[in-house]
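K.L.:
need a structure here:
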Amino acid sequence: MTPGPQNLITDVPGIKVGNAQDETLKSGTTVLTADDPFAASVHVMGGAPGTRETDLLAPNKSVDRVDAIVLSGGSAFGLDACSGVVDALQEQGRGFAVGPITVPIVPGAILFDLLNGGQKNWTDNPYRGLGRAAFLAASESFDLGTAGAGTGALAAMQKGGLGSASMRLDNGITVGALVAANPLGSVTTPGDRHFWAASFELGSEFGGLGPDPATGLGSFPVSLKARAMRPATADTTNTTIAVVATDADLTKPQCERLAIAAHDGIARAVVPAHTPGDGDLVFGVSTGARSIASDPAAMAEIGHAASLCLSRAIARAVYLATPAEGDLLPCWSELHAKST
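P.N.:
Down below sits the predicted model:
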């Protein structure tokens, strides 16, 4: 198994991603779209999700194609980023046809970054504009780390961020992950040098330090994020939201199964994961370009690859975060770059 050419979710042919952020706000939005409407479903395992249009992604619901997926900061305010994407899609004449009307289908999910030190005293909600800008910026190349929906993200011990990774399977199928990592749990082992996801690293995509050689590492972390955000409670300021995508021709129920399998990637990269105070959520996406009808075992391999890509993407999100004025927590790079 090897990464795709860019080691981004956009290595899946047809997928595009755009970012928009506001440095003063310390927040932003990331939009995933494609050349054509794509199959999608979702699975939620965190106890505190914030979502829009996710009910229609259930396998028993009638809409089987969507036009874009939004990941955003801003908590409930950030859901308005979906409206900005809908506006832009409508102008392009894209969406679900209902007689003479075209309705863009844009599910979304948000993370909590309202207490990260940025200025949140807006008069008009900024996220609609950020959503529109992110959609219009969508391309095959995009920034990671302190960008888009990861701009204001914080992990337990250091800045979080936006991450992505991809994998090309031996059968030619491509799988990729995109994540905004803002978890309650820690992405690094005690001492905060090694990543929990190190066993799945390909090359030196997040430092090449290898797994932590210590044992007995499962203690619940003392969260620096929780301390920095007092008097807010630690269990209300978190979430890891992600998209996993493939060019394999998956049905809507198979997209849900893909999302379920990918949640293992969160659990392998964040300790603890899926807590009552996280809104952990994964969208599963298929562009449908490659048939797997003749390979009954392919679905298991695709789900496994998605979980590995998501683990790697989470570590890359933290590894690639960059410092900014007013940060509450340091970046991993500030603490450990000299030791790599």
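K.L.:
Make sure I have this right: E325 is in a helix.
P.N.:
No: per DSSP: H, G, I helix; E, B strand; the rest coil, E325 lies outside any helix segment and is coil.
K.L.:
Give me the distance between it and R227.
P.N.:
Using C-beta to C-beta, to the nearest Å, E325 is found at 20 Å from R227. C-betas here are computed from N, CA, C, even on glycine.
K.L.:
So for those two, which sits in the more crowded spot?
P.N.:
Each of E325 and R227 has its neighbours counted (other C-beta atoms under 10 Å); R227 has more, 11 against 8.
K.L.:
Who are the contact partners of C82?
P.N.:
Shown in contact with C82 (C-beta atoms under 8 Å, 6 or more residues apart in numbering): 52-53, 70, 72, 106-108, 131.
K.L.:
residue contacts, A181?
P.N.:
150, 153, 155, 160-163, 187, 240, 270, 313-314, 317-318.
K.L.:
Go again with 7 Å.
P.N.:
Going by C-beta atoms under 7 Å, 6 or more residues apart in numbering, A181 touches 150, 153, 155, 160-161, 163, 187, 240, 314, 317-318.
K.L.:
So which of the residues you listed are in strands?
P.N.:
161, 163, 240 (DSSP state E).
K.L.:
Mind naming the longest helix for the chain?
P.N.:
Determined from DSSP state H, the single longest helix within the chain is helix 298-319.
K.L.:
which element is the nearest residue to T251 once chain neighbours are set aside on?
P.N.:
Nearest non-adjacent residue to T251, counting by C-beta to C-beta, 6 or more residues apart in numbering: A39, 6.9 Å away. Here A39 sits within strand 27-44, counting by DSSP states H and E.
K.L.:
For that strand, what is the distance to the chain centroid?
P.N.:
Distance of strand 27-44 from the chain centroid (C-alpha atoms, centre = their mean, to the nearest Å) equals 10 Å.
K.L.:
ok now whichever helix or strand comes after that strand, how far from the chain's centre?
P.N.:
As assigned by DSSP H and E, the chain's next helix or strand after strand 27-44 is strand 51-52. Centroid displacement of strand 51-52 relative to its chain, using C-alpha atoms, centre = their mean, is 14 Å.
K.L.:
returning to that earlier point: so after the longest helix of the chain, what's the next helix or strand?
P.N.:
Using DSSP H and E, the helix or strand that follows helix 298-319 towards the C-terminus is helix 332-336.
K.L.:
got the buried residues for that following helix?
P.N.:
332-333, 336 (16 or more other C-beta atoms under 10 Å).
K.L.:
Right, I'll leave it there.
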